[in-house]
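Trainee: I would like to see how this sequence folds:
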Amino acid sequence: MRFVGVLAGMLGSISLCACGGTPRAPWCAQYSSGMTDCSFYSYEQCTNSLSGVGGVCSPNPNQRR
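Mentor: Numbering: from 1, shown residues only. Now for the predicted structure:
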């Protein structure tokens, strides 16, 4: 019976998930260290993240069109 409760909780959590529906952020920061972070929703956010560490901002190549 406990298993059924856990299973119901898991299925309820999955149904609330916005899986696949969340848009990808349109900007990527490519840091001078070689790391890439594609979590920026504005160009300004991206450039602020690079401030002091170096790198470039570019459009996210995985952005949905």
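Trainee: who does the helix or strand hosting Ser39 pair up with?
Mentor: In this structure, Ser39 sits in strand 36-40 according to DSSP states H and E. Neighbouring strands of strand 36-40 in its sheet, by DSSP bridges, are strand 27-31 (antiparallel).
Trainee: which other residues reach the strand it pairs with?
Mentor: Defining contact as CB atoms under 8 Å, 6 or more residues apart in numbering, one finds that strand 27-31 is touched by 36-38, 40-43, 45-46, 49-50, 53-61. (Glycine included, C-beta is placed from N, CA and C.)
Trainee: what residues sit buried inside it?
Mentor: Within strand 27-31, the residues scored as buried using 16 or more other CB atoms under 10 Å are 27-30.
Trainee: what comes up buried for stretch 36-50?
Mentor: 38, 40, 46, 49-50.
Trainee: which pair of the buried residues of strand 27-31 spans the longest distance?
Mentor: Trp27 and Gln30 (10.4 Å; CB to CB).
Trainee: Gln63 contacts Pro26, correct?
Mentor: Yes. Contact criterion CB atoms under 8 Å: Gln63 and Pro26 qualify, at 5.2 Å.
Trainee: so between the two, which is more surrounded?
Mentor: Higher neighbour count among Gln63 and Pro26: Pro26, with 16 against 13, using other CB atoms under 10 Å.
Trainee: quick one, what contacts the more buried one?
Mentor: By CB under 8 Å, 6+ apart, Pro26 lies in contact with 40-41, 59-60, 63.
Trainee: CSV for those, including pLDDT?
Mentor: Shown next, in CSV, are these (pLDDT from 0 to 100):
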residue, pLDDT
Phe40, 96
Tyr41, 95
Pro59, 96
Asn60, 94
Gln63, 79
